[in-house]
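Trainee: Sequence first, then the predicted structure, then my questions.
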Amino acid sequence: MTGSAFQSSARRQRRIRATLPLATVVIIALVALSLPGWTDTGFSIFSVFNTFQNTATLGLLALAVGLTVMIGEFDLSSIAIFTLGGLLAVKFGEASPLLGIAIAVAAGALLGAIQGGALVLTGISSVPLTLGGYIVILGFCHIVAGEGILAYGNYDIGIWLDDPVALLFSRRSLLILSIFLLLWAAMRFTRVGPLIRSVGADRRAALASGVSVGRVVTGVFVLSGILCALGGALFSYSTTAAKYDLGLDPFIFAVTAILLGGIDVSGGRGSALGILAGVLAMSLLDTIFIQLAMPTYMIDLARGALLLVVVLIEAPDLTRSIVAWRNNRVSAAEAVSRGISKPGAIGASAEHQRRIQ
């Protein structure tokens, strides 16, 4: 591939990556709006409200996971911190909901600082470290819950959080959307975004340029812990209960959402709005699945197929291979049109001429 063709391919790939998360949401939204045309169900205002509620439920978890992936790490303990945040908020926040949230957020920040600091000091991979953190934190969740489900008696706070606002939103969903926008603005207009992406793209180059990599990594893990704990606390207040184990489905949802949102698993690329687009896409899919009453295996197939399509479209090596294959086809066609064959064919033609002579 020539230099100009490679640059053109790179620019095209960047445009695809920038527009794909929003395009995915738009396509799924069009499918949702077309439901009355090919099914017996429709997409109502309540369906839109429910979509934003789903976004509010796991949005902060996805944002937390996405931030750690941006710096080239992977936090497997995020779902455990999310669960613990809900338990602590319910246990200590019945009389004062803000106190419960404060305790949950403080615990999330502490756990994030411990894991981020250990990661910086030891230099080991984040996968085994946070896997150990997941096991330990989940065990602590069992202790806090007493092997049961904690009920939250302050029903008023749950009603207040989920009460419709402007038909389509709730206070909880508006709060989550505001956090996404604030973090996007911080990453877009301050040094936070470039620092995070530089650490994720090339840690050695970031160190050479004077970036305090240790502080960035620890800070991202602290922020991740805060977001997970806050998301878990708000979810538990909304459902007026907290379980000691939520399973891995929320974590799988979060990872799928960040991949749909354009986060590069190798680090160094992504944005808060991209993650939000991925969460909205997954939430819209869930709403459609509920409308159609689809069985679980069909839901898994649909999610997997969507993720596979998006990943293939974003794959840079695949794009380069397609462009190279197309250029080779064009070159071969031009050679044939000028009467020039492959070297092997030229040799065979010369041998044939000698035999005739």
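Mentor: Done, it's in.

Trainee: hang on, residue 72 packs against residue 265?
Mentor: No: if you go by C-beta atoms under 8 Å, residue 72 and residue 265 don't touch, sitting 9.2 Å apart. From N, CA and C alone the C-beta is placed, and that goes for glycine too.

Trainee: so for the helix or strand encompassing residue 304, what's the average pLDDT?
Mentor: Element membership for residue 304 (DSSP states H and E) is helix 296-314. Mean pLDDT, helix 296-314: 84.

Trainee: Which pLDDT value belongs to the spatially most central residue of the chain?
Mentor: Of all residues in the chain, the one closest to the mean position by C-alpha atoms, centre = their mean is residue 258, 1.2 Å from it. On pLDDT, residue 258 comes in at 94.

Trainee: okay, now the nearest residue to it once chain neighbours are set aside: neighbour count?
Mentor: Nearest residue to residue 258, sequence neighbours excluded (C-beta to C-beta, 6 or more residues apart in numbering): residue 66, at 4.1 Å. By other C-beta atoms under 10 Å, the residues close to residue 66 number 27.

Trainee: what's the helix or strand containing residue 66 packed up against?
Mentor: Applying DSSP H and E as the criterion places residue 66 in helix 45-70. The contact analysis (3 or more C-beta pairs under 8 Å, 6 or more residues apart in numbering; DSSP states H and E) places helix 45-70 against helix 78-92, strand 169-170, helix 171-189, helix 192-201, helix 213-239, helix 249-260, helix 272-292.

Trainee: please redo it, this time with the cut-off set to 6 Å
Mentor: Packed against helix 45-70 by the contact rule (3 or more C-beta pairs under 6 Å, 6 or more residues apart in numbering; DSSP states H and E) you find helix 78-92, helix 171-189, helix 213-239, helix 249-260, helix 272-292.

Trainee: Tell me which of those helices is the most buried.
Mentor: helix 78-92 (a mean of 29; mean count of other C-beta atoms under 10 Å).

Trainee: Give the buried residues for the next helix-or-strand element following that helix.
Mentor: Downstream of helix 78-92, the first helix or strand assigned by DSSP H and E is helix 97-122. Buried positions in helix 97-122, judged by neighbour count with 16 or more other C-beta atoms under 10 Å: 97, 100-105, 107-109, 111-112, 115-116, 118-119.

Trainee: For residue 142, find the nearest of the helices and strands packed on helix 45-70.
Mentor: helix 78-92 (9.6 Å; C-beta to C-beta).

Trainee: buried stuff in the helix of greatest length in the chain?
Mentor: Assignment by DSSP state H gives helix 3-33 as the longest helix of the chain. Neighbour-count burial for helix 3-33 flags 9, 13, 17, 20, 21, 22, 24, 25, 28, 29, 32 (criterion: 16+ other C-beta under 10 Å).

Trainee: hmm, back to that, nearest to residue 36 among the helices and strands packed on helix 45-70 would be which one?
Mentor: helix 272-292 (10.3 Å).

Trainee: Just want the angle from the closest one to helix 249-260.
Mentor: 120 degrees (axes from the mean of the first three to the mean of the last three C-alpha atoms, to 10 degrees).
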